[in-house]
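**Q** what follows is a predicted structure for the sequence shown.
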Amino acid sequence: MDYTQQLAALARTLKQLLLASYGLYPDDIERELASAVTHLGGSELSLLLADYDQRVLVSFAAADDRTYDIEGSGPGEAFRLERVIEEPLGGGRRRLWIPAKDSADRIGVIGLVDDGSIALDSWETVGSLTGELLVSKAQYGDHITLRKRNGPFSLAAEMRWALLPPLTFPAPEASIAGFLQPSHGIAGDAFDYAVTKRTAHLAIMDAMGHGLEASRMANVAVASYRSSRRAGADPAGSLVAMDEVIRSEFGDSRFVTAQAATLDLDSGRMQIANAGHPQPLLLRRHAAPSRIPCPASRPAGLEGPPSVTDVQLQPGETVLFITDGVTDARSPAGEHFGEERLAELVAGLIDAGQSPAEVLRQAVRTVIDHQDGRPGDDATLLAVTWRGSAPSDA
């Protein structure tokens, strides 16, 4: 096809998907997508979804039990690198693996065959719309959610996933990414973020204990944070409000460790309030990681004012928030994963040019593997990278 024909074919593809979306059942996305891509000469379509642990890609179709390792080539490579992967088939034909993303949040991969005449950015456009459809339609049925699961979820995990924001947010000035495991059994860990005007708001929480009570406390903590944030509270004010509600709802022997932060997207200035949570790490490309000194204070629920720390970020620097389930993770032999190992691992992935989402996926996977796949606690990471210009000294 020439350029004009490609644009017309892409328009027909997108129009069919958008018009079909008004009454599309979640279960029928793959069927409609297979029909729409024929306008672009696509055939042999398969739609793959990343499982909640982001270890494998699973078939959208319930009757297809094939899986593809995310660490592997082809579809796994497309997911990891977030770009279209081409596999020549001969005679000008090729198999394409196309990332399906909701904004920057990686949802899955589209596989199809075409004749090589379509520009890859046209297929990327189809992948973007597919990602948006998968996320929006998942709210109307259970098919997509069930396909992404490799086993039963605890009630605590059901509550946690229902409350989480998208795992990744990109912007020209900053990127935010979060990841937590194990997907089927998380309880007390949580994170949240929002970008309003020129400020990024972030929070990470770890409710004491395990199971349903920890999940309930974490849910209340997240809701309290969102409520106070939307009412205009600064990070310290958000944690003070969280302290009050945890004490009133769960008594004075229950608590949530938490950090809340704001990042000015223009200047790179960050303010971090800490309520008994592990100190975050400051990461720079090709430089040694360091702790951000956030003095210890009493966790939310134990009635104590949070400490407040101001940080001036430089372009390209990343702040990594963690829960103790990462650093305290133990191998079967009893060896702690540790902060130093975490810092070196994440810094190496950043230096290698991995995307924020991929850095956290690989880091948490390494933590789980360190425990031989049997984690004793939730493991959560939340990272924000500032890309803007540093303020002038003038």
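**A** It's in. Keep in mind that what you see is a predicted model, and the values were worked out from it rather than measured.
**Q** from here on, just use CA atoms for contacts and neighbour counts.
**A** Will do.
**Q** list of residues touching the strand or helix carrying R31?
**A** When elements are assigned from DSSP states H and E, R31 belongs to helix 29-36. Under the criterion CA atoms under 8 Å, 6 or more residues apart in numbering, residues 12-14, 16-17, 20, 42-47, 60-61, 130, 133-134 lie in contact with helix 29-36.
**Q** what ranges do the helices span in the stretch 201-350 of the chain?
**A** Using DSSP state H, counting those that start in this stretch, the helices of the stretch 201-350 of the chain run over 211-230, 235-250, 324-327, 339-351.
**Q** nearest to P280, of those helices?
**A** Minimum separation from P280 across these (CA to CA) falls at helix 339-351, 10.1 Å.
**Q** okay, the closest residue in space to D243 that isn't next to it in sequence: pLDDT?
**A** Nearest residue to D243, sequence neighbours excluded (CA to CA, 6 or more residues apart in numbering): A300, at 3.9 Å. Confidence per residue is given as pLDDT, and for A300 that number is 92.
**Q** next one: L45
**A** Reading off the confidence values, L45 has pLDDT 97.
**Q** helices or strands next to the one helix or strand it maps to in the packing?
**A** Counting by DSSP H and E, the secondary-structure element that holds L45 is strand 43-50. Contacting strand 43-50 under the criterion 3 or more CA pairs under 8 Å, 6 or more residues apart in numbering; DSSP states H and E are the following elements: helix 29-36, strand 56-59, strand 105-114.
**Q** same thing but at 10 Å, please
**A** Helices and strands touching strand 43-50, by 3 or more CA pairs under 10 Å, 6 or more residues apart in numbering; DSSP states H and E, are helix 29-36, strand 56-59, strand 67-69, helix 75-81, strand 93-102, strand 105-114, helix 120-137, helix 143-147.
**Q** may I see these organised as TSV, with mean pLDDT, mean neighbour count and distance to F191 added?
**A** Converted to TSV, the helices and strands packed on strand 43-50 look like this (pLDDT from 0 to 100; neighbours: other CA atoms under 10 Å; distance: least, CA to CA, whole Å):
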stretch	mean pLDDT	mean neighbour count	distance to F191
helix 29-36	97	18	30
strand 56-59	97	24	24
strand 67-69	96	16	27
helix 75-81	96	23	23
strand 93-102	96	25	19
strand 105-114	96	24	16
helix 120-137	96	19	19
helix 143-147	95	18	20
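**Q** so which of those comes closest to A260?
**A** Closest approach to A260 among the helices and strands packed on strand 43-50 is made by strand 105-114 (22.5 Å; CA to CA).
**Q** excluding its backbone neighbours, what's nearest E86?
**A** L96 (4.8 Å).
**Q** who's in contact with the one you found?
**A** With contacts defined as CA atoms under 10 Å, 6 or more residues apart in numbering, L96 is in contact with 42, 45, 74-75, 78, 84-88, 109-114, 116, 120, 123.
**Q** buried residues in stretch 231-250?
**A** 233-247 (16 or more other CA atoms under 10 Å).
**Q** farthest-apart pair in the residues you listed, please.
**A** Every pair in the buried residues of stretch 231-250 was compared (CA to CA); the two farthest apart turn out to be D234 and R247, at 20.3 Å.
**Q** quick check: closest non-adjacent residue to the most centrally placed residue in the chain.
**A** Residue closest to the average C-alpha location in the chain (CA atoms, centre = their mean): L167, at 2.1 Å. Leaving aside its sequence neighbours, L167 sits nearest to G178 (CA to CA, 6+ apart; 5.1 Å).
**Q** counting neighbours, what do you get for that neighbour?
**A** Burial of G178 is recorded as 28 neighbouring residues (other CA atoms under 10 Å).
**Q** cool, and the one 5 residues further on?
**A** Residue neighbour count, defined by other CA under 10 Å, stands at 24 for S183.
**Q** for it, what is the enclosing helix or strand?
**A** S183 is part of no helix or strand when elements are defined by DSSP H and E.
**Q** I'd like the numbering to begin with 754 instead of 1 from here.
**A** Shifting the count to begin at 754 puts that one at S936.
**Q** for the residue of the chain most remote from its centre, what are its contacts?
**A** When distances are taken from the C-alpha mean of the chain, G844 lies farthest, 39.4 Å away, according to CA atoms, centre = their mean. Contacts here follow CA under 10 Å, 6+ apart; on that basis G844 touches D868, G869.
**Q** surely D996 touches A974?
**A** Yes: between D996 and A974 there is a contact under CA atoms under 10 Å: 8.6 Å.
**Q** which neighbours do these two have in common?
**A** The contact sets of D996 and A974 overlap at F1008, V1009, T1010, A1011, A1053 (CA under 10 Å, 6+ apart).
**Q** which of those fall in strands?
**A** V1009, T1010, A1011 (DSSP state E).
**Q** need those in JSON lines (columns: neighbour count and pLDDT).
**A** As requested, those are exported to JSON lines (neighbours: other CA atoms under 10 Å; pLDDT from 0 to 100):
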{"residue": "V1009", "neighbour count": "28", "pLDDT": "95"}
{"residue": "T1010", "neighbour count": "27", "pLDDT": "94"}
{"residue": "A1011", "neighbour count": "29", "pLDDT": "96"}
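**Q** quick check, distance from the strand holding L798 to the centre of its chain.
**A** Relative to its chain's centre, strand 796-803 lies at 22 Å (CA atoms, centre = their mean, to the nearest Å).
**Q** so what strands line up beside it?
**A** strand 809-812 (antiparallel), strand 858-867 (antiparallel) (DSSP bridges).
**Q** got the angle for that strand vs helix 873-890?
**A** Note on geometry: by axes from the mean of the first three to the mean of the last three CA atoms, to 10 degrees, strand 796-803 and helix 873-890 are set 50 degrees apart in direction.
**Q** tell me the buried residues in strand 796-803?
**A** Of all the residues in strand 796-803, those buried under the rule 16+ other CA under 10 Å are S796, L798, S799, L800, L801, L802, A803.
**Q** most widely separated two among the shared contacts of D996 and A974?
**A** Top of the distance list for the shared contacts of D996 and A974 (CA to CA): F1008 and A1011, 9.6 Å.
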